[in-house]
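> can you look at this prediction? I've put the sequence above it.
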Amino acid sequence: MIIDSHMHAGEFPMFNVGIDGDGLVALMRDHGIDTGLIFHPDNDLVRRIVSSTPGLYGLVWANPRDPGAVATTRRLLDEPGSRFRGVKLHPLLDGYHPDDPAVHPVVELLIERDLPALIHCGHPIFTLPWSIEELIVRFPAARVILGHMGHGNIVYINAAIDVAARNPNVYLETSGMPMHTKIREAVERVGADRVLYGSDAPFHHPTVELSKARVSGVEGEDLSRVLGENGRRLFFRDAMPDTVAA
């Protein structure tokens, strides 16, 4: 099973990219991806897509600068039949420090629900690994995914691995991080059960992102964990998610 833990839906005009539910399904089928976690600042858009598309689940985009963020997150996580499996935090785009007190109620809610937070990681001024670590240390019961595991800067990539090595509640997600060898280093230093495959589609492409994992030097059961099993356990615990129809 392949679970893509980092996908986007909708339009992102700032980046000149966009993809709808049908486009995501086609992309997943083309690359053998069984299940995907998607998000967009418009949570209602994501809700409509995941409610009608087997194999797709959502992460709530929670902007703590919005006074209604906690209530919205609670509503989407708790509504009957919810297909939201955690939260996406983007301190860079939304403009806040990861350990801002406004973030704390969102994290506390996730701890109550035993669900993870995927946090964009790898750009100054708000998403450097050390800044996110302040939140991680404050909430050791929270399960935090460092999205992009430092992204494109070797200093931040190394720091993301260091943060995960220091904190057992931290997971590293691979999308957009260009150095395939660092996936193997992450597995060796942090453990094969705390590294997750993601594509960041449509910003990055599964052809590249899957190849990066497969040539990283991680093999066998460890590679299976990275590509799917870790995501299944983190987002779905003991359950099996549904998959995109063949």
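In hand now; what should we look at? Small disclaimer: the values here were computed from a predicted structure and weren't measured.
> when you work out contacts or count neighbours from here on, use the C-alpha atoms and nothing else.
OK.
> you'd agree Val25 is up against Val244?
Yes: judged on Cα atoms under 8 Å, Val25 makes contact with Val244 at a distance of 6.7 Å.
> which stretches of this protein form helices?
Along the chain, counting by DSSP state H, helices occupy 21-30, 43-52, 69-78, 91-94, 104-113, 129-138, 154-166, 180-190, 206-214, 220-224, 230-236.
> now the last one: buried residues?
If I follow you right, that is helix 230-236. For helix 230-236, burial by neighbour count (16 or more other Cα atoms under 10 Å) applies to Asn230, Gly231, Arg232, Leu234, Phe235.
> Phe15: which of the helices of the chain is closest?
Of all the helices of the chain, helix 91-94 sits nearest to Phe15, with 12.0 Å by Cα to Cα.
> in the closest one, what counts as buried?
Pro91, Leu92.
> before we move on, back to that, adding distance to Val187 and pLDDT, write the buried residues of helix 230-236 out as CSV.
Putting the buried residues of helix 230-236 into CSV (distance: Cα to Cα, whole Å; pLDDT from 0 to 100) gives the following:
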residue, distance to Val187, pLDDT
Asn230, 12, 98
Gly231, 14, 97
Arg232, 17, 97
Leu234, 16, 97
Phe235, 19, 98
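> okay, the residues you listed in JSON lines with distance to Gly21 next?
Below are those laid out as JSON lines (distance: Cα to Cα, whole Å):
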{"residue": "Asn230", "distance to Gly21": "24"}
{"residue": "Gly231", "distance to Gly21": "20"}
{"residue": "Arg232", "distance to Gly21": "21"}
{"residue": "Leu234", "distance to Gly21": "23"}
{"residue": "Phe235", "distance to Gly21": "20"}
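> picking that back up, reformat the helices of the chain as a markdown table; add distance to Ile2.
Output for these, formatted as a markdown table (distance: least, Cα to Cα, whole Å):
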| stretch | distance to Ile2 |
| --- | --- |
| helix 21-30 | 10 |
| helix 43-52 | 18 |
| helix 69-78 | 24 |
| helix 91-94 | 28 |
| helix 104-113 | 24 |
| helix 129-138 | 27 |
| helix 154-166 | 23 |
| helix 180-190 | 16 |
| helix 206-214 | 10 |
| helix 220-224 | 8 |
| helix 230-236 | 9 |
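> select, out of those helices, the one closest to Gly122.
Nearest of those (Cα to Cα): helix 154-166, 5.9 Å.
> quick one: mean pLDDT over the closest one.
If you average the pLDDT over helix 154-166, you get 98.
> now do that helix: which elements does it pack against?
helix 129-138, strand 170-173, helix 180-190 (3 or more Cα pairs under 8 Å, 6 or more residues apart in numbering; DSSP states H and E).
> tell me the pLDDT at Trp187?
Heads up, residue 187 is Val, not Trp. 98.
> how near is it to Tyr156?
Using Cα to Cα, to the nearest Å, one obtains 17 Å as the distance from Val187 to Tyr156.
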